[in-house]
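Peer 1: Sharing a sequence plus its predicted fold:
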Amino acid sequence: MTEETKQYGFKTEVSQLLHILTHSLYKEQDIFLREAISNASDALTRMHFESLTNRDVLDADAELAIHVILPEEPKADEDGEVAADDAPKVLIIKDSGIGMTKEELITNLGTIAQSGARSFIKEVGENNDVDIADVIGQFGVGFYALFMVADEVRVLSRSYKKDEKAAVWISTGDASFRVEDAEKEDRGTELHITLKKDAEEFANAWKLKQVLKKHSDFVRYPVYLGEEQINQQESLWRKRPSDVEPEQYKNFYQEMTMDFEEPLRTIHFAADAPVNVRAMLFVPAKLEKGVLAKRKEPGVMLYSHNVLIEEYNNDLLPHWLNFIDGVVDSEEITLNVSRETVQSNRIIRHLAKTLKSRVIRELKKMGKKDPEQYKKFWDEYSRALKEGIATDYEAKGDIMPMLRYTAAHSDGKLISLDEYVEGMAEEQEEIYYVMGSDQTSVANSPHLDPFKERDLNVLYWTDPLDVLIAPSLGEYKGKKFRNVDDNSLELPDVDVKEASDDKGETVEIPAANFESFMEKCTAVLGEKVTEVRESKILKSSPVRLVSPEGESQQEMLRIARLMGQEYEIPKKVMEVNNHHPLIANLAEMAVNDADNRLLLLLVEQLYESALIQEGLHPNPADMLPRIQELMELAAS
């Protein structure tokens, strides 16, 4: 062996690392290309900074760029035949970066990686489930990912220093490497990668272009495949928001997602404290992704130094915001940050807090300044927010200001809890809500009679998830939530409206008749109710159902029904309006013709109609035979 060629042994840790990589069955081998381009970009950056203060360098005017060079295709003979090509395919990745001397090749690729390799092996050894691609970059050993696809790697390099000569580092991934003098006129580093047979897909231009676009589209230097520049180079999210046109946001989003609808909201910001971050986030117009969508899973794309390190990151935003799509880039994140590291990394925690805070702030701003746009958002994503309250107790404070409901005083428009509280009567201490299956049933709920009389606003809760989160809400701005069917409800002492003529006729029912009717109701309904009693508050409705005193399982019973679980109709108290014309007629019938079939049917119908208004009837279609019989009796 000559002085120009010298054999070196890898340290034990590096040899173990190479053994893991050369025998890796990791399904996404394209990780090697990401690492190689990232390393080339770093070398170019170092050259850029060197040239700012030093022009006495080799190839001072050379373009800072990365070239990916494909193996030559076999040529046809005189007869136009192309012979089978069994020769190994060699892929070349070339940069015009700062380059390395012979000593630097030995140090950087043979010795300095020892501690990183030791940490890498420890991580893999302690966690059998860890993916190589998730952790290799953390330990400064990403270069060795080349051996996942290479039978041999030759690193030909020449330093930016004019008097330094070129050298080549050569290894087959075994226990040793050698370094030789070499010939190279220009500055920078070339990786000559002799591909394994099972990795020859990386000699295909289409495959390389696909991988480069995926991982390295926004590397700050041009990346050429042959003569074509592959990467966009300038990342839109790193521009100042004031320098980006609305059409650019739209085009970027649609190219990223293949969603042909414009996003409801674009959130573009940069920050350097408490953590460096550049983010461009989008609220899609629809929760459900289309069949042509490019991004099928939830999560944002996570970049570090313009290099994609995770395509679907679900750790930077809470699960109830996982409909947010877009890009997050931070120079403080190491390449290949793993899922385990995300949980413990201080930078990642700061980044997640910053992103969540900014997204919530933008959504609140939309709700306040653009109610029409926020209604579109609410119609699409209300359930995601409500699920957040149901599954993440700590999220309640963030989410509640974003909740929207229609209400008795809102004329069909959505209002926030802040708007409700601001419009409360001075004496009102609670936030009132009524539950039901739809807007019509709750708007006509008999529970609202005393609230209409006192001109008190009531929130309409018609979404099944409203039932689910009701026990979790507790209070808002010191005001407790109160169901209007609460048996112990006491309304504030406010002025009561005078009854108007269009409210219908009211009558006085003889006490004996009313008592007879309530006894009939008790007999007909039996164990379906806990009690039949006179109502003290009903005005325009004949009956209503209220929860028995001390009953705390009403919401859970609703949830069971909505989830299709085994369900029993809850036993309620039926309150009867002693001043309603219908009740007066039925009370008279209860005295004079107690066994009339019509009376029995009408009592049952009053009860089940009240169930429907409560959203508690298991199957309204069961009422059809009774309704038909009632019509027959009425017609006769």
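Peer 2: That came in fine, so what should we check first? On a predicted model such as this, the values are computed, not experimentally measured, just so you know.

Peer 1: Could you grab the helix/strand/coil label for Arg544?
Peer 2: Secondary structure state of Arg544, per DSSP: H, G, I helix; E, B strand; the rest coil, is strand.

Peer 1: Quick one: residues contacting it.
Peer 2: Ser445, Pro446, His447, Asp449, Asp485, Ser535, Leu538, Met574, Glu575, Ala610, Gln613 (Cβ atoms under 8 Å, 6 or more residues apart in numbering). Glycine gets a C-beta too; all of them are placed from N, C-alpha and C.

Peer 1: okay, and for this protein, where does confidence drop off?
Peer 2: For the chain, residues meeting the criterion pLDDT under 70 lie at 1-4, 12-14, 21-27, 73-85, 111-141, 292, 335-344, 495, 497-505, 550-566.

Peer 1: if you set the cut-off to 50 instead, what comes out?
Peer 2: Residue ranges of the chain with pLDDT under 50: 1, 25, 114-117, 134-139, 339-340, 342-343, 500-502.

Peer 1: Next secondary structure after the strand or helix carrying Ala352?
Peer 2: Ala352 is located in helix 346-369, with elements delineated by DSSP states H and E. Counting by DSSP H and E, the next helix or strand C-terminal to helix 346-369 is helix 371-391.

Peer 1: Against which helices or strands is that following helix packed?
Peer 2: helix 346-369, helix 396-399, strand 404-407, helix 464-473 (3 or more Cβ pairs under 8 Å, 6 or more residues apart in numbering; DSSP states H and E).

Peer 1: Show me what the first one is packed up against.
Peer 2: Using 3+ Cβ pairs under 8 Å, 6+ apart, the elements in contact with helix 346-369 are strand 265-271, strand 277-283, helix 371-391.

Peer 1: Excluding covalently adjacent residues, which one is nearest to the spatially most central residue of the chain?
Peer 2: Per Cα atoms, centre = their mean, the C-alpha nearest to the average position across the chain is that of Asn322, at 0.4 Å. In this structure, Asn322 finds its nearest non-sequential neighbour in Pro298, 3.9 Å apart by Cβ to Cβ, 6 or more residues apart in numbering.

Peer 1: With Gly142 instead?
Peer 2: In space, Gly142 is closest to Glu35, 3.7 Å off (Cβ to Cβ, 6+ apart).

Peer 1: now Leu33: how far from Gly173?
Peer 2: Leu33 sits 17 Å away from Gly173, going by Cβ to Cβ, to the nearest Å.

Peer 1: measure the nearest residue to Gly615 once chain neighbours are set aside to Ile193 for me?
Peer 2: Nearest non-adjacent residue to Gly615, counting by Cβ to Cβ, 6+ apart: Ser437, 4.0 Å away. Look at Ser437 and Ile193: by Cβ to Cβ, they are 65 Å apart.

Peer 1: Compare neighbour counts for the two and give me the winner.
Peer 2: Using other Cβ atoms under 10 Å as the criterion, Ser437 and Ile193 rank with Ile193 on top: 27 against 17.

Peer 1: Past the helix or strand hosting the more buried one, which element shows up next along the chain?
Peer 2: Using DSSP H and E, Ile193 sits in strand 188-195. For strand 188-195, the following helix or strand on the C-terminal side (DSSP H and E) is helix 205-216.

Peer 1: residues making contact with the helix or strand following that next one?
Peer 2: Once helix 205-216 ends, the next helix or strand along the chain (criterion: DSSP H and E) is strand 223-225. Residues from elsewhere that reach strand 223-225, judged by Cβ under 8 Å, 6+ apart: 37, 65-68, 70, 205, 208-209, 212, 216, 229-231, 233.

Peer 1: Can you select the buried ones from those residues in ChimeraX?
Peer 2: Of the contacts of strand 223-225, the buried ones go into a single ChimeraX selection, burial set by 16 or more other Cβ atoms under 10 Å:
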select :37,65,66,67,68,70,208,212,216,230,231,233
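
Peer 1: Among the contacts of strand 223-225, list the two that are farthest apart in space.
Peer 2: With distance counted by Cβ to Cβ, no two of the contacts of strand 223-225 lie farther apart than Leu70 and Gln233, which are 20.8 Å apart.

Peer 1: What is the neighbour count of the nearest residue to Leu582 once chain neighbours are set aside?
Peer 2: Nearest residue to Leu582, sequence neighbours excluded (Cβ to Cβ, 6+ apart): Pro542, at 4.9 Å. Other residues lying near Pro542 total 21 when counted by other Cβ under 10 Å.

Peer 1: Pro542: what's it in contact with?
Peer 2: Counted by Cβ under 8 Å, 6+ apart, Pro542 has contacts Pro446, Val576, Asn577, His580, Leu582, Ile583, Leu606.

Peer 1: Next, the distance between the ends of stretch 448-466.
Peer 2: Length of stretch 448-466, first residue to last, Cα to Cα, to the nearest Å: 18 Å.

Peer 1: Distance from the chain centre to that stretch, please.
Peer 2: Centroid separation for stretch 448-466 versus its chain: 32 Å, with Cα atoms, centre = their mean, to the nearest Å.

Peer 1: Give the buried residues for that stretch.
Peer 2: Neighbour count says stretch 448-466 has 448-451, 453-454, 456-462, 464-466 buried, by 16+ other Cβ under 10 Å.

Peer 1: Tell me the secondary structure at Gln16.
Peer 2: Put simply, Gln16 is helix when judged by three-state DSSP.

Peer 1: Against Ile106, how distant is it?
Peer 2: 20 Å.

Peer 1: now Gly311, what's its secondary structure?
Peer 2: Careful, residue 311 is Glu; it's not Gly. Using three-state DSSP, the structure places Glu311 in strand.

Peer 1: got the contact list for the nearest residue to it once chain neighbours are set aside?
Peer 2: Spatial nearest neighbour of Glu311, excluding adjacent residues (Cβ to Cβ, 6+ apart): Met301 at 5.8 Å. Shown in contact with Met301 (Cβ under 8 Å, 6+ apart): Met256, Leu308, Glu310, Glu311, Tyr312, Asn313, Gly326, Val327, Val328.

Peer 1: Likewise for Ser216?
Peer 2: So Ser216 contacts Leu33, Arg34, Ile37, Ser38, Val223, Ile230, Asn231, Val307, Leu308 (Cβ under 8 Å, 6+ apart).

Peer 1: where's the third one, which helix or strand?
Peer 2: Secondary structure assigned from DSSP H and E places Ile37 in helix 31-53.

Peer 1: Summarise which helices and strands that helix is packed against.
Peer 2: strand 66-69, strand 90-95, strand 188-195, helix 205-216, strand 307-313.

Peer 1: Out of these, which is closest to Pro492?
Peer 2: Once the helices and strands packed on helix 31-53 are compared by Cβ to Cβ, strand 307-313 is nearest, at 49.4 Å.

Peer 1: residues in contact with whichever helix or strand comes after the closest one?
Peer 2: Next helix or strand after strand 307-313 toward the C-terminus (DSSP H and E): strand 325-329. Residues outside strand 325-329 that contact it (Cβ under 8 Å, 6+ apart) are 235, 237-238, 253, 256-257, 267, 277-282, 284, 295, 300-306, 313, 316, 351, 355.

Peer 1: The same query, at a cut-off of 7 Å, please.
Peer 2: 235, 237-238, 257, 277-282, 284, 295, 300-303, 306, 316, 355 (Cβ atoms under 7 Å, 6 or more residues apart in numbering).

Peer 1: can you check stretch 626-634 too?
Peer 2: Against stretch 626-634 from outside (Cβ under 7 Å, 6+ apart): Arg597, Leu598, Leu601, Glu604, Gln605.

Peer 1: Mind listing what's buried along it?
Peer 2: Leu630.

Peer 1: try stretch 155-168
Peer 2: Val155, Leu156, Ser157, Arg158, Ser159, Tyr160, Lys161, Glu164, Ala166, Ala167, Val168.

Peer 1: That concludes my questions; thank you for your assistance.
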